[in-house]
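>>> What follows is a predicted protein model with its sequence.
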Protein chains: 6
Amino acid sequence: MSGGYDTDLVTRLETNLDDLSPELTGAVMEKLLAAGALDVWFTPIQMKKNRPAVQLSVLCDEAHTEPLADLIFTETSAFGLRMEKIARLKLERRFQTVATEFGEITLKLGLRQGRIIQIAPEFESCRAASTRTGQPLKSIYQAALTAFRP
Amino acid sequence: MSGGYDTDLVTRLETNLDDLSPELTGAVMEKLLAAGALDVWFTPIQMKKNRPAVQLSVLCDEAHTEPLADLIFTETSAFGLRMEKIARLKLERRFQTVATEFGEITLKLGLRQGRIIQIAPEFESCRAASTRTGQPLKSIYQAALTAFRP
Amino acid sequence: MSGGYDTDLVTRLETNLDDLSPELTGAVMEKLLAAGALDVWFTPIQMKKNRPAVQLSVLCDEAHTEPLADLIFTETSAFGLRMEKIARLKLERRFQTVATEFGEITLKLGLRQGRIIQIAPEFESCRAASTRTGQPLKSIYQAALTAFRP
Amino acid sequence: MSGGYDTDLVTRLETNLDDLSPELTGAVMEKLLAAGALDVWFTPIQMKKNRPAVQLSVLCDEAHTEPLADLIFTETSAFGLRMEKIARLKLERRFQTVATEFGEITLKLGLRQGRIIQIAPEFESCRAASTRTGQPLKSIYQAALTAFRP
Amino acid sequence: MSGGYDTDLVTRLETNLDDLSPELTGAVMEKLLAAGALDVWFTPIQMKKNRPAVQLSVLCDEAHTEPLADLIFTETSAFGLRMEKIARLKLERRFQTVATEFGEITLKLGLRQGRIIQIAPEFESCRAASTRTGQPLKSIYQAALTAFRP
Amino acid sequence: MSGGYDTDLVTRLETNLDDLSPELTGAVMEKLLAAGALDVWFTPIQMKKNRPAVQLSVLCDEAHTEPLADLIFTETSAFGLRMEKIARLKLERRFQTVATEFGEITLKLGLRQGRIIQIAPEFESCRAASTRTGQPLKSIYQAALTAFRP
């Protein structure tokens, strides 16, 4: 099924880390994103011998699979890596700027067959406005959503 | 391998939610189950920029994949959805009623090649008995298990 | 309030570990229990700089507080340790043996003002029976609970 | 310090559950809330012998401490319960109704020294509107926030 | 892609446990490892009706899939099991012994195309040295790493 | 007890967040650290109505308690905040620079009664060296530890 959604195929790389310090695990997230990962996340897991471990998950496209696998082996303690191909359904993305009392804010819109079904203030745009004005981030978000006209 | 188990194929839909309030995330679980999902669960994950996020997982059959994908895009903040086909091994299910001091309770039995290998008191049946009698749920469970004769 | 419960005061020691490998964190649990801790547990937490870290919690009595604090500083990467006094309500504990088709099993009973309100098969006793008979642990538990007569 | 906030003292009851089925753990949450708990939550923890356990936490006022402790001992597998007095800082709460295209929605306002610093759509009010209109819960929330005039 | 890595195919078995006591869940980990699982881990998940549940994940080769599936059905409360084939990238493994002030310690080396990219002290070897000498496990690890010469 | 450790008293502020987007929760961590918090962490918790929520914990000294409480009320969705005084045991901290093949690295030492019992490479110092040399962070850590002479 695709149901009118955009689709693509991505790779999910996963490994269970039970002998890497959280400090180093945290640092590898940034390196993976900088090297082209589409998404990176950690899941707390529980491994043998009472180890409170971490599952590292990385989503990437075909071209980035090998360099990101290399990076994981280089920067973490992994001896093995699981690799799966996964289909994705996606909304079409558009960006739109709205004027608010806190300045201009970017919104990220998600469309299915031309119809807007997702409206999300863009984080870095809101953070910049919050820093610039000293106002709470949640107020910026709310102002951006209120300013939106389809 | 199937090893004498029933088997089927299901779809697992997954998405990482990093900009939806837990209040709304909680509410979508009920909507997905009401719309025909076989199972719905949340996993705490950690995403970029120190976000304590949630992975939403939904298991469903072929016929429900598209309506449930639509529901996730409509009710959550997702811009994308991962979609995988997964084989399942299953026990044959039977239900049986047992008489206990707390009234009749339903048991769910799991069979492999005709042999019972799982016996589980049915939750809603036990909850009703607990409400009716004012007795602890754990006592109802225990009474139901003790009353079982194969 | 004590409401007819036994009460005591315990110490809870806690520290956030963001630069210790899960392998070493797992090993410290055993060392703490062997050194007299009443309970030891890990909670997955998320610390700064995207670190998937672990909170170590230890419950102990007054006499064990200092040696266990020493052990935490020696075996983990902690530079600091939080220390709180906490009141506990407790059931009176009794042990009772029951005869089952899998041999004798020990039950742990919890009483409030002489009345039994908790009945739990003792884990190591059940595990020994499971190993001895080759039967599933869950069957042993169920047999032990069924065999109980107050 | 109180800093212009309302303050009160509450009790936090906590216990680590390593031998209660999640089905029964889930059910006790409802019972505790129905019996007057201010808040109830679960934290995934990792206990000895590789047990993926759960910490149950309950917040309540003085008058409810004993009946809720009784309920925990009756409905869970706990043999002990930690009990702490904790100070709270609180915003003053007010409720206000706003008219939206989805009908009237209740907002919960939080005030410090007369100034509104929190505005939250009331969940059950939004859920009712979502059910009534068939519109996504997130749209109801957004409409309620947009309709607010201080 | 294989990028110079060793590769193989493994099976991942998964099931969501919402009616098994953590005590029994913990015990099944050992049984699965003893029966030939390559890896076993638990992930805290949140299921319907407020249940703080656990996802059990098992990695195994083809030959162990059926006996391990049988074991899961026998020892847990599962009525169903998800089964996926997953590709793995692996480093070549070698073991090397180093002499330290705490005695001989085994190191596990990971190689890609003949080049060492992973060096990890072997846990049981370090634990034995820690027990033998009474020194902290972290000191043993550090000594082993320092003693390594490629 | 103090057992030869430095001691102090800190405040722990805690609140359960069930209606704040993870994006905003992540951003508040940085703001709290920038405003003087000693430590900030998130714990995944499970609240009523199937909400996958987050507990925010902040450690601070007396002088920072009120401004940090204000910040939490301003930047999150909290209507209440728990506030506890907690004793801490601490090691004395010293910093020392070591020369490695990757340049100079700072080590953080922890002392009890003049004796070094903790040696930790300083994260930002190692990260700078990793960026400067292009070498894996784990190699920098290992080199710094190996270079240490008490």
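Yep, that arrived.
>>> what sits against the most centrally placed residue in chain A?
Residue closest to the average C-alpha location in chain A (CA atoms, centre = their mean): A:Asp39, at 4.2 Å. Under the criterion of CB atoms under 8 Å, 6 or more residues apart in numbering or on different chains, the neighbours of A:Asp39 are A:57-59, B:16, B:47-48. Placement of C-beta: from N, CA and C, glycine included.
>>> Can you check the pLDDT for the residue located most distally from the centre of chain A?
Each residue of chain A has a distance to the centre, and by CA atoms, centre = their mean the biggest one is for A:Lys49: 31.8 Å. Listed pLDDT for A:Lys49 reads 98.
>>> what do you get for A:Arg149?
We have a pLDDT of 87 for A:Arg149.
>>> and it, helix, strand or coil?
Counting by DSSP: H, G, I helix; E, B strand; the rest coil, the backbone at A:Arg149 sits in coil.
>>> Contact partners for it?
By CB under 8 Å, 6+ apart, A:Arg149 has no neighbours at all.
>>> let's see it at 10 Å
The contact partners of A:Arg149, by CB atoms under 10 Å, 6 or more residues apart in numbering or on different chains, come to A:96, A:98.
>>> could you measure it against A:Gln113, distance?
Going from A:Arg149 to A:Gln113 by CB to CB, to the nearest Å gives 21 Å.
>>> do A:Leu145 as well
Taking CB to CB as the measure, A:Leu145 falls 23 Å from A:Gln113.
>>> more neighbours, the two?
For A:Leu145 versus A:Gln113, the count of surrounding residues by other CB atoms under 10 Å in any protein chain shown is larger for A:Leu145: 19 against 10.
>>> Give me the spatial nearest neighbour of the more buried one, chain neighbours excluded.
D:Gln142 (5.8 Å; CB to CB, 6 or more residues apart in numbering or on different chains).
>>> and if you look at A:Arg51?
C:Gly26 (3.8 Å).
>>> List the residues that contact the nearest residue to A:Ser21 once chain neighbours are set aside.
Leaving aside its sequence neighbours, A:Ser21 sits nearest to C:Asp19 (CB to CB, 6+ apart; 4.6 Å). Residues near C:Asp19 by CB under 10 Å, 6+ apart: A:21-24, A:26, C:47, C:51, C:53, C:76-79, F:108, F:120-121, F:123, F:141.
>>> ok so C:Asp19 is a strand residue?
No - looking at C:Asp19 with three-state DSSP, it is coil, so not inside a strand.
>>> that older thread, neighbour-wise, give me the winner out of the contacts of A:Asp39.
Neighbour counts for the contacts of A:Asp39 peak at A:Val58, which has 28 neighbours (criterion: other CB under 10 Å).
>>> distance of that residue from chain D?
Distance of A:Val58 to chain D, computed by CB to the nearest CB, to the nearest Å: 23 Å.
>>> Next: A:Thr65.
Relative to chain D, and taking CB to the nearest CB, A:Thr65 is found at 32 Å.
>>> Contact partners for that residue?
Contacts of A:Thr65 (CB under 10 Å, 6+ apart): A:10-13, A:58, A:83, A:85, E:1, E:3, E:89.
>>> where's it, which helix or strand?
helix A:62-75 (DSSP states H and E).
>>> follow-up on the earlier one: need the contact list for the residue farthest from the centre of chain A.
A:Lys49 neighbours (CB under 10 Å, 6+ apart): A:18, C:22-23, C:26-27, C:29-30, D:50, E:29-30, E:33, E:123-124, E:127.
>>> could you point out which element follows the helix holding A:Thr65?
strand A:80-90.
>>> chain center to the helix or strand encompassing A:Thr25: distance?
In this structure, A:Thr25 sits in helix A:22-34 according to DSSP H and E. With CA atoms, centre = their mean, to the nearest Å as the basis, helix A:22-34 stands 13 Å off its chain's centre.
>>> Could you pull up the residues touching the residue nearest to A:Glu75 when sequence neighbours are not counted?
Distance criterion CB to CB, 6+ apart; nearest residue to A:Glu75, sequence neighbours excluded, is A:Val28 at 4.7 Å. With contact taken as CB under 10 Å, 6+ apart, A:Val28 is in contact with A:17, A:20, A:40, A:42, A:56, A:58, A:71-72, A:74-76, C:50, F:136-138.
>>> Look up how far chain B lies from A:Val28.
Taking CB to the nearest CB as the measure, A:Val28 falls 12 Å from chain B.
>>> before we move on, what about A:Thr74?
Taken as CB to the nearest CB, the span from A:Thr74 to chain B is 20 Å.
>>> Tell me how many other residues crowd that residue.
By the criterion of other CB under 10 Å, A:Thr74 has 18 neighbours.
>>> how far away is it from chain D?
Distance of A:Thr74 to chain D, computed by CB to the nearest CB: 29 Å.
>>> thinking again about what came up before, looking at the contacts of A:Val28, which one is closest to chain E?
Closest to chain E out of the contacts of A:Val28 is A:Thr74 (6.3 Å), distances taken as CB to the nearest CB.
>>> quick check: mean pLDDT across stretch A:124-140?
On average, the pLDDT along stretch A:124-140 is 97.
>>> Please identify the buried residues of it?
A:125-130, A:136-140 (16 or more other CB atoms under 10 Å in any protein chain shown).
>>> thinking again about what came up before, before we move on, what's the pLDDT of the residue nearest to A:Glu75?
On the pLDDT scale, A:Val28 gets 98.
>>> cool, A:Ser2 as well?
Listed pLDDT for A:Ser2 reads 62.
>>> what comes up buried for the helix holding A:Thr25?
A:22-29, A:31-33.
>>> how far does the next helix or strand after it sit from the chain's center?
Remark: after helix A:22-34, the chain's next helix or strand is strand A:39-47, criterion DSSP H and E. Relative to the centre of its chain, strand A:39-47 is centred 14 Å away, using CA atoms, centre = their mean.
>>> the inter-axis angle of strand A:39-47 versus helix E:22-34?
Strand A:39-47 runs at 100 degrees relative to helix E:22-34, counting by axes from the mean of the first three to the mean of the last three CA atoms, to 10 degrees.
>>> Adjacent strands (with direction) for the following helix or strand past strand A:39-47?
Toward the C-terminal end, the helix or strand that comes next after strand A:39-47 (DSSP H and E) is strand A:51-60. According to DSSP bridges, strand A:51-60 forms sheet pairs with strand A:6-17 (antiparallel), strand A:39-47 (antiparallel).
>>> count of residues packed around A:Lys90?
Using other CB under 10 Å as the criterion, the residues surrounding A:Lys90 number 16.
>>> scratch that, A:Thr100 is what I was asking about
Counted with other CB under 10 Å, A:Thr100 comes out at 20.
>>> do you know how far it is from chain B?
18 Å.
>>> which residues does that residue bridge with?
Applying DSSP bridges to A:Thr100, the residues it is bridged with are A:Gly103.
>>> Now do the contacts for it.
Contact analysis of A:Thr100 by CB under 10 Å, 6+ apart lists A:121, A:126, A:129, A:133, A:139-140, A:142-148.
>>> Ok, A:Asp61 next?
Contacts here follow CB under 10 Å, 6+ apart; on that basis A:Asp61 touches A:8-11, A:36-38, A:68.
>>> in the helix holding A:Thr65, what's buried?
Result for helix A:62-75 [16+ other CB under 10 Å]: buried residues A:64-66, A:68-75.
>>> In which helix or strand does the closest residue to chain D within chain A reside?
Of all residues in chain A, A:Thr146 sits closest to chain D, at 4.8 Å by CB to the nearest CB. A:Thr146 is part of helix A:137-147 when elements are defined by DSSP H and E.
>>> Check the offset of that helix from the chain's centre.
21 Å.
>>> tell me what that helix is packed against?
Judged by 3 or more CB pairs under 10 Å, 6 or more residues apart in numbering or on different chains; DSSP states H and E, helix A:137-147 is in contact with strand A:92-100, strand A:103-112, strand A:115-121, helix A:123-133, strand D:115-121, helix D:137-147, helix F:22-34, helix F:62-75.
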